[in-house]
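Participant: Compute the structure for the input listed below.
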Amino acid sequence: TYTRAANRKLAERAISRAAVDLVVTGGQSIREYPDDQPFPCRLALGFPWGDARPLHVVYAINEDERIVISLYEPDPALWSPDFTTRIDR
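Facilitator: Alright, predicted model coming up:
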């Protein structure tokens with residue numbers, strides 16, 4: 001399931017649902033938010049277009065449903081070289 005905000009970001013950033021789905025189903029979980037409400041969330045990293053182009057997807061987990069909340073290509077200036085750790089500047 002995709003929130004309205006996620007659908008808007010798909011269109012604005014020309015990112016396909018197929019790319020997002022690949023990250024949600026097979027990406028690396030790099031951060032968990034177990035106390036988020038109404039459902040726990042997760043930040044996942046994947047490379048649906050190849051090794052040089054990462055994608056971050058934030059999604060909530062409600063039993064068997066995944067709810068995509070946000071998605072973006074991480075800025076290399078703000079993330080570690082492997083895109084798993086945000087750099088505080």
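Participant: This structure: helices as residue ranges?
Facilitator: Ranges of helices within the chain are 4-13, 17-26, based on DSSP state H.
Participant: Looking at those helices, which one is packed in the most?
Facilitator: Among these, ranked by average contacts under mean count of other Cβ atoms under 10 Å, first place goes to helix 17-26 (a mean of 16). The C-beta positions use only the backbone N, C-alpha and C, and glycine is treated the same way.
Participant: Tell me which other helices or strands that helix touches.
Facilitator: For helix 17-26, the packing partners by 3 or more Cβ pairs under 8 Å, 6 or more residues apart in numbering; DSSP states H and E come out as helix 4-13, strand 41-46, strand 55-62, strand 65-72.
Participant: Strand partners (parallel or antiparallel) of the second one?
Facilitator: In the sheet containing strand 41-46, its partner strands are strand 28-33 (antiparallel), strand 55-62 (antiparallel), by DSSP bridges.
Participant: could you measure the residue positioned nearest the centre of the chain against Asp88, distance?
Facilitator: Here the mean C-alpha position of the chain is nearest to the C-alpha of Val57 (Cα atoms, centre = their mean), at a distance of 0.7 Å. Plainly put, Val57 is 22 Å away from Asp88 if you go by Cβ to Cβ, to the nearest Å.
Participant: residues near Val68, how many?
Facilitator: 22 (other Cβ atoms under 10 Å).
Participant: tell me which residues form a beta bridge with it?
Facilitator: With DSSP bridges as the criterion, Val68 is bridged to Tyr2, Tyr59.
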